[in-house]
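Student: Got a predicted structure plus its sequence, pasted below:
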Amino acid sequence: MREYTLQTHSYEETEQFGENFSKLVQAGDVVLLNGDLGVGKTTFTRGLARGLGIKKNVKSPTFTLIREYKDGRLPLYHMDAYRLESSPDEDLGFDEYFQGNGVTVVEWPQFIKDEVPDDHISVNIKRQNEDDRQISIKLYGSSYENRNFGEVL
Ligand SMILES: Nc1ncnc2c1ncn2[C@@H]1O[C@H](COP(=O)(O)OP(=O)(O)OP(=O)(O)O)[C@@H](O)[C@H]1O
């Protein structure tokens, strides 16, 4: 496992971090996005989408569970597993996303932990005060061995 950490001091910096991050993502990547309510998960995903060249406005997938954006360099699948807490066995066809040709971002991944592939990137956003966030990125598995996120952060 490799780990990188950084800090952001505004909404814009977190969005920019998402955009920088997009430069290294590849088809089949799975990004688990952890952090409390309102910490900046959608902000990060918006930057990632922008970096992939997606023009559509990214909205929180809370009510739809999955939103798909297909107009960029790679498809982006944005999932929110929060509501699956009460129905963990519901099969939403996760594998098709995880093994597909897009990048999957999962918010609240703890609610589908049995479905999550061993190889994944975990991005953790922590609120330090009103505008400061600590972000840690952990790379798990051989799929990410040659990916140097340090370069783009
Ligand atoms: N450094 C920062 N990075 C990101 N957001 C920040 C930062 N500082 C302040 N904010 C504010 O925090 C909020 C983050 O909202 P956002 O919708 O991205 O969070 P979220 O984690 O996706 O929320 P939810 O859990 O409801 O989906 C925004 O209001 C934003 O202006």
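Tutor: Now that the structure is in, tell me what you want to look at.
Student: From the structure, what's the count of residues near residue 82?
Tutor: By the measure other C-beta atoms under 10 Å, the count of residues near residue 82 is 15. C-beta: built from backbone N, CA, C; applies to glycine.
Student: Could you verify my assumption that it touches residue 62?
Tutor: Yes. Contact criterion C-beta atoms under 8 Å: residue 82 and residue 62 qualify, at 6.6 Å.
Student: now the strands for the protein?
Tutor: 2-8, 30-34, 66-69, 76-80, 103-107, 120-127, 133-140 (DSSP state E).
Student: between those strands, which one is nearest to residue 23?
Tutor: Of all those, strand 103-107 sits nearest to residue 23, with 12.0 Å by C-beta to C-beta.
Student: contacts for the closest one?
Tutor: 25-27, 29-33, 41, 45, 48, 52, 61, 74-82, 97-98, 112, 116 (C-beta atoms under 8 Å, 6 or more residues apart in numbering).
Student: so what's the most centrally placed residue in the chain bridging to?
Tutor: Centroid-nearest residue in the chain, with C-alpha atoms, centre = their mean: residue 105, separated by 3.6 Å. On the basis of DSSP bridges, residue 105 is bridged to residue 31, residue 78.
Student: Please report the distance of it from residue 127.
Tutor: 19 Å (C-beta to C-beta, to the nearest Å).
Student: swap in residue 54?
Tutor: Noted for residue 54: a distance of 26 Å to residue 127, by C-beta to C-beta.
Student: more crowded one of those two?
Tutor: Higher neighbour count among residue 54 and residue 127: residue 54, with 20 against 15, using other C-beta under 10 Å.
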